[in-house]
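Participant: Sequence and computational prediction follow.
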Amino acid sequence: MKKAIGTFGLLAVLFATLSLATIADQKTMTWTGWISDDHCGAKGMSADHKACNATCIKNGSKYVFVNSADKKVLAIKNQDSVNGDKNVGQEVKLTGHVNDDGSLQVDSIANAKM
């Protein structure tokens, strides 16, 4: 019985260590790009897209981030981090990390021209 408890304790410590290592792998990074919606994707990389974006979001679309460097579209996990009035229609600097499912967890969004 003592051996089983000891083995279980060792496994718990090993699991906790692996969990912490996974969290540490999620490095915070900063990208430059545009906030768009999942309906328009990379086509939303312009100031003219702001009104269209508002309509799409109102009709159920979700915010996405389009990287200016490679035009890659990434879903934004925490939708409440986007301010449609301030963040859409201009190039932004987004700080956050990529989740295991490929979505972005946003820490902050700022105007890229600052």
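Facilitator: Cool, got the structure. Predicted, not measured: the structure shown is a model, and the values here were computed from it.
Participant: shaky segments in this protein?
Facilitator: The model of the chain has pLDDT under 70 over residues 1-25, 114.
Participant: could you pull out the strands for it?
Facilitator: 29-37, 63-67, 73-75, 91-98, 104-111 (DSSP state E).
Participant: Pull the second one out as CSV, backbone CA atoms only.
Facilitator: This means strand 63-67. This file holds the C-alpha atoms of strand 63-67, laid out as CSV (Å, rounded to 0.1, in the frame of the first residue of the first chain):
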residue,chain,number,x,y,z
TYR,A,63,-12.8,38.7,-34.6
VAL,A,64,-9.6,37.3,-36.1
PHE,A,65,-6.1,38.7,-36.4
VAL,A,66,-4.4,38.9,-39.8
ASN,A,67,-0.6,39.0,-39.6
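Participant: just checking, what packs against it?
Facilitator: Judged by 3 or more Cβ pairs under 8 Å, 6 or more residues apart in numbering; DSSP states H and E, the packing partners of strand 63-67 are strand 29-37, strand 73-75. Where C-beta positions appear, they are placed from N, C-alpha and C, glycine not excepted.
Participant: Mind giving me the packing neighbours of the last one?
Facilitator: It refers to strand 73-75. Packed next to strand 73-75, using 3+ Cβ pairs under 8 Å, 6+ apart, are strand 63-67.
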